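Student: pasting the sequence and the predicted coordinates here, then a few questions.
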Amino acid sequence: MPATQSQRASVIIPASASNDLAAASSIRGLVSKYAQSQLRLKKPTTVFVGGTGQEVLTEADWKTNVKSDVILLISAGEEHIGANKEPNGHGAGNHFAEVQVVEASSLANIDNSLQQDNVVLLVHSGSQGLGGNILKKCMTETRTSFGEGSADAIGYMEEHNQACIEMIAVAKTALKKCRMIDIWHNNVERIAWPPSELWSAGKYASSIYNIVPCDCVYIHRKGAAPTYDPKIQLPLSLLPLPGSRGTPTLILQPTFSTSNAWGLKNGLSLAHGAGCAMSRAKALSASAQKYKGQNILEPRLADLQGTWVICDEKGLVFEEAPDAYKDVQAVSQDLVDADAAQVVGWCRSRISYKVRNETC
């Protein structure tokens with residue numbers, strides 16, 4: 001019963017368990033409780049069948065799909081907000097919003113760029129279930145892939161791309177003229193291939209729509225950020241590389257040169273964060289012990305300009321403690337060594353917002 005790639009557990013369903021969702025001994029209830037206790041998922045929301053991606057919703061679904069050795073994927077992410085609703089938060093999981101201050105920047109002479117002492121809002125947001133909802137509409141137990149150029153593939157990509165455009169539009173409208181850095185990740189892009197010197201010359205956009213299908217590939221990013229603007233197909237001048245709560249967010253400038261084959265070697269992508277160094281279960285256990293009796297929601301006395309954390313879920317505070325993540329400096333150095341990017345500055349968080357348990 002995988003919750004994430006690092007959280008797995010086996011569960012034995014007794015013969016007396018019921019498919020009836022309302023029953024006290026329902027299989028759904030048993031799976032949910034087991035996910036909470038063994039995988040430390042606070043609120044399991046959706047269940048999918050491994051291999052097919054089918055969501056298990058009805059009594060018939062549970063009766064048909066729950067068999068010996070079945071793999072269930074348990075999600076504690078966001079439920080779909082609905083087509084006529086707007087997002088109301090940054091989503092679940094490791095998403096966050098931070099008010100940061102630029103402490104160093106080598107871009108002082110570039111107009112409209114990040115300058116030292118600028119205040120920025122760094123938002124890492126999910127789609128609140130919209131992306132998963134689009135995928136589930138297109139996939140079935142027997143249909144798990146589409147042919148290039150088929151009506152199904154075209155329909156999925158059109159809905160996928162429109163969702164990305166609308167989510168960005170909602171965010172920018174809400175923030176209006178605030179300075180904002182987007183972490184664009186977890187998406188599919190159809191892109192001309194291979195990249196060439198045209199990227200650095202700023203001429204790629206004029207030719208990208210005039211190429212035959214065999215000159216294109218699909219890039220599926222999962223936790224990675226593109227090094228170009230997907231809307232206008234031109235290289236980005238800046239990308240954030242967040243560390244962990246209380247550590248710097250590095251400002252990267254993607255590199256396009258012969259040494260990285262104009263971005264081919266790194267798949268026209270960069271890391272979109274330092275990444276976890278341990279599972280959430282291990283981080284929760286280790287951090288709870290290490291910081292026992294300490295208030296890690298406030299800056300330490302030795303660092304009065306540190307980070308104030310707004311998070312009403314105590315377990316989540318421990319799961320995402322700085323110790324649970326890789327060293328962002330080491331991650332950035334790997335990118336520099338691969339000639340995929342250069343570090344042009346950094347920001348430091350003053351306020352980190354996770355979740356508030358508020359009711360109206």
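Tutor: Now that the structure is in, tell me what you want to look at.

Student: buried sites along stretch 252-268?
Tutor: Buried residues in stretch 252-268, defined by neighbour count with 16 or more other CB atoms under 10 Å: 252-256, 260, 262-263, 266-268. Every C-beta, even on glycine, is put in place using the N, C-alpha and C of the backbone.

Student: and the contacts of that stretch?
Tutor: Among residues not part of stretch 252-268, those counted as contacts by CB atoms under 8 Å, 6 or more residues apart in numbering are 191, 194-197, 199-200, 219, 224, 226-228, 235-241, 270, 332, 335, 338-344.

Student: from the chain's centroid, how far away is that stretch?
Tutor: 22 Å (CA atoms, centre = their mean, to the nearest Å).

Student: and residue 293, how far from residue 113?
Tutor: Distance of residue 293 to residue 113, given as CB to CB, to the nearest Å: 44 Å.

Student: the more surrounded of the two?
Tutor: Here residue 293 and residue 113 are compared on neighbour count by other CB atoms under 10 Å; more neighbours surround residue 113, at 17 against 4.

Student: what pLDDT does the more buried one get?
Tutor: You'll see residue 113 listed with a pLDDT of 75.

Student: that one belongs to a helix?
Tutor: No: per DSSP: H, G, I helix; E, B strand; the rest coil, residue 113 lies outside any helix segment and is coil.

Student: does the closest residue to it other than its chain neighbours belong to a helix, a strand or coil?
Tutor: With CB to CB, 6 or more residues apart in numbering as the measure, residue 107 is the residue that lies nearest to residue 113, at 4.1 Å, once sequence neighbours are left out. Secondary structure, three-state DSSP: residue 107 is coil.

Student: quick one: the strands in the stretch 51-200 of the chain?
Tutor: 72-75, 96-105, 119-124, 180-182, 187-192 (DSSP state E, counting those that start in this stretch).

Student: scratch that, the stretch 251-360 of the chain is what I was asking about
Tutor: Per DSSP E, counting those that start in this stretch, the stretch 251-360 of the chain carries strands over the ranges 269-271, 308-311, 341-355.

Student: just list what the longest one packs against, helices and strands only.
Tutor: Of the remaining helices and strands, those touching strand 341-355 by 3 or more CB pairs under 8 Å, 6 or more residues apart in numbering; DSSP states H and E are strand 96-105, strand 119-124, strand 249-254, strand 308-311, helix 314-319, helix 328-337.

Student: for the fifth one, buried residues please.
Tutor: Neighbour counts over helix 314-319 (16+ other CB under 10 Å) mark 316-319 as buried.

Student: what's the average pLDDT for it?
Tutor: Over the span of helix 314-319, the pLDDT mean works out to 83.

Student: show residues contacting it.
Tutor: Residues external to helix 314-319 that are found in contact with it (CB under 8 Å, 6+ apart): 40, 42, 280, 283-284, 287-288, 291, 296-297, 309, 311, 354-355.

Student: and the residues you listed, which are buried?
Tutor: Neighbour counting by 16+ other CB under 10 Å classes 40, 280, 283-284, 287, 296, 309, 311, 354 among the contacts of helix 314-319 as buried.

Student: show me the helices in this protein, by range?
Tutor: Across the chain, reading from the start of the chain, the helices by DSSP state H fall at 27-38, 59-65, 130-138, 151-175, 198-201, 204-208, 280-290, 314-319, 328-337.

Student: of the ones you listed, which approaches residue 274 most closely?
Tutor: If you check each of the helices of the chain against residue 274 by CB to CB, helix 328-337 wins as the nearest, at 4.1 Å.

Student: pLDDT of the closest one, averaged?
Tutor: The average pLDDT within helix 328-337 is 95.

Student: tell me the buried residues in it?
Tutor: Within helix 328-337, the residues scored as buried using 16+ other CB under 10 Å are 328, 331-332, 335.

Student: tell me which of those residues is nearest to residue 68?
Tutor: Within these, proximity to residue 68 (CB to CB) peaks at residue 331, which comes in at 41.7 Å.

Student: which one is the closest one nearest to, not counting chain neighbours?
Tutor: Once flanking residues are discounted, residue 331 sits nearest to residue 274: 5.1 Å by CB to CB, 6+ apart.

Student: alright, that wraps it up for me.
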